[in-house]
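> Generate coordinates for the sequence data below:
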Amino acid sequence: MAPIALYEENAPVAQSTKSVAPAETKELTPLEALAHQENSKPLPKIPTFSTHAEKRQWQLEHMAGCFRVWAREGYAEGVSGHISVRDPEFEDRLWINPLGVHYGMMKASDMICINFITGQVVGGNTEVPANAAGVQIHSAAHRRRPDVHAVCHNHSIYGRAYSAFGKPLEMLNQDVCNFYNAHSVYEAYGGVALSGEEGENIAKALGNGKGCILMNHGLLTVGNTVDEASFLYMVLERSCKAQLLIEAAVAGGRVQKRPIGDEEAAYNFRWNSDPESLYYEMQSHLKYEEYLTGSDYKN
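Residues are numbered from 1 along each chain as shown. The predicted model follows:
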């Protein structure tokens, strides 16, 4: 193995005798700004594909991978929770997970394709039904938000606990700023979403945001990729946990909360919450899952 090259901190810098025109200042994208050096190898962006079939398979593999990560996060509970991805070829179709398959066992081939206009199963796994409530919630979100390609909903413990307040999160740390002016609260609870009306109410409450806290229910996030939506869900869940811990700490009256100001929160949102950066954020979790278990979830 070749030795690793090092740079001497105080080494002399060769001076050029040629006059060099000042370089134009390039405005970095949020993803480019993540890397320390501008001349380093570019961070991987959301890939593009030459065929719909290739993109479909890639989406389903990442969808299954996100479920595996969620299993390690402890989100699995019975038959609750779902992720959906819009089909890349047919804009009126979504892919969703089957009912009763544990997140830690999910594979790309398990997913079910449903026409979210008619509700009919049109492809994929036909051996196991989808979660009826999940179909209602996700179909409504995809119909109302054509810009959204993935929707995540779950009943994770801290999201459930915080949802009982029926309040939006405060900007109390850097990470929750991913949802600065970009999350809402569904301030009603209509029971298990077995009717189209409850799904529509949830989608309406989501509005144009990235996430929604469903009172007495759980959390919902959306994104341009399943990677983005899944990572945002993890951020929203942990933000609920942080807020609960902070609320408990201030309950005695000895300490006070010090929220982030609007200007700083907007700055954080600008640099941390774009689709490319959030996609990249999720890749380390997927790579760790593959490192631990291989890539059987891609089958």
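
> Just the buried residues of the helix or strand bottoming out on mean pLDDT in the chain, please?
The weakest-scoring helix or strand in the chain, judged by mean pLDDT, DSSP states H and E, is helix 30-33 (a mean of 80). The neighbour-count check on helix 30-33 (16 or more other Cβ atoms under 10 Å) flags Pro30, Leu31, Glu32 as buried. Quick note: C-beta positions are derived from backbone N, CA and C, even for glycine.

> Looking at those residues, which is nearest Phe67?
Phe67 lies nearest to Leu31 out of the buried residues of helix 30-33, by Cβ to Cβ, at 24.9 Å.

> What residues does that closest one make contact with?
Shown in contact with Leu31 (Cβ atoms under 8 Å, 6 or more residues apart in numbering): Leu43, Lys45, Asp274, Glu276, Ser277, Tyr280.

> Make a markdown table out of these and add secondary structure, pLDDT and distance to Ser184.
Conversion of these to a markdown table gives the following (DSSP: H, G, I helix; E, B strand; the rest coil; pLDDT from 0 to 100; distance: Cβ to Cβ, whole Å):
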| residue | secondary structure | pLDDT | distance to Ser184 |
| --- | --- | --- | --- |
| Leu43 | coil | 81 | 31 |
| Lys45 | coil | 89 | 29 |
| Asp274 | coil | 94 | 20 |
| Glu276 | helix | 95 | 24 |
| Ser277 | helix | 95 | 22 |
| Tyr280 | helix | 95 | 26 |
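
> filter those residues to the buried ones?
Among the contacts of Leu31, those classed as buried by 16+ other Cβ under 10 Å are Asp274, Glu276, Ser277, Tyr280.

> now the second one, nearest residue through space, not along the chain?
Pointing back at Glu276 there. Closest residue to Glu276 apart from its sequence neighbours, by Cβ to Cβ, 6 or more residues apart in numbering: Leu31 at 4.2 Å.

> From Leu244, how far off is the one you found?
Noted for Leu31: a distance of 31 Å to Leu244, by Cβ to Cβ, to the nearest Å.

> for stretch 198-206, which positions count as buried?
Glu198, Gly199, Glu200, Asn201, Ile202, Ala203, Ala205, Leu206.

> in this structure, which spans are helices?
30-33, 52-73, 132-144, 157-163, 196-206, 226-250, 262-272, 275-293 (DSSP state H).

> nearest residue to Gln256 other than its sequence neighbours?
In space, Gln256 comes closest to Val250 once its chain neighbours are excluded; the distance is 6.4 Å by Cβ to Cβ, 6+ apart.

> The one you found and His183: what is the separation?
According to Cβ to Cβ, Val250 and His183 sit 22 Å apart.

> These two - which one has more neighbours?
His183 (23 against 12; other Cβ atoms under 10 Å).

> Which strand residues bridge the more buried one?
Listed by DSSP bridges, the beta-bridge partners for His183 are Gly211.

> Please tell me I have it right and it contacts Gly209.
Yes: look at His183 against Gly209 with Cβ atoms under 8 Å: they come within range, at 5.1 Å.

> returning to what we had before: and of the helices of the chain, who's closest to Met111?
Of all the helices of the chain, helix 52-73 comes closest under Cβ to Cβ, at 5.4 Å.

> Which other helices and strands does that closest one contact?
Counting contacts by 3 or more Cβ pairs under 8 Å, 6 or more residues apart in numbering; DSSP states H and E, helix 52-73 packs against strand 82-86, strand 93-96, strand 150-154, helix 226-250, helix 275-293.

> For the shortest one, C-alpha coordinates in CSV please.
To tie it back to what came earlier, the one meant is strand 93-96. Below are the C-alpha coordinates for strand 93-96, written out as CSV (Å, rounded to 0.1, in the frame of the first residue of the first chain):
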residue,chain,number,x,y,z
ARG,A,93,-49.2,5.3,-9.1
LEU,A,94,-47.4,4.9,-5.8
TRP,A,95,-45.4,2.1,-4.2
ILE,A,96,-46.1,1.2,-0.6
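
> Now find how far off-centre that strand is within its chain.
Here strand 93-96 is found 17 Å from its chain centre; the criterion is Cα atoms, centre = their mean, to the nearest Å.

> again with the third one
Relative to the centre of its chain, strand 150-154 is centred 8 Å away, using Cα atoms, centre = their mean.
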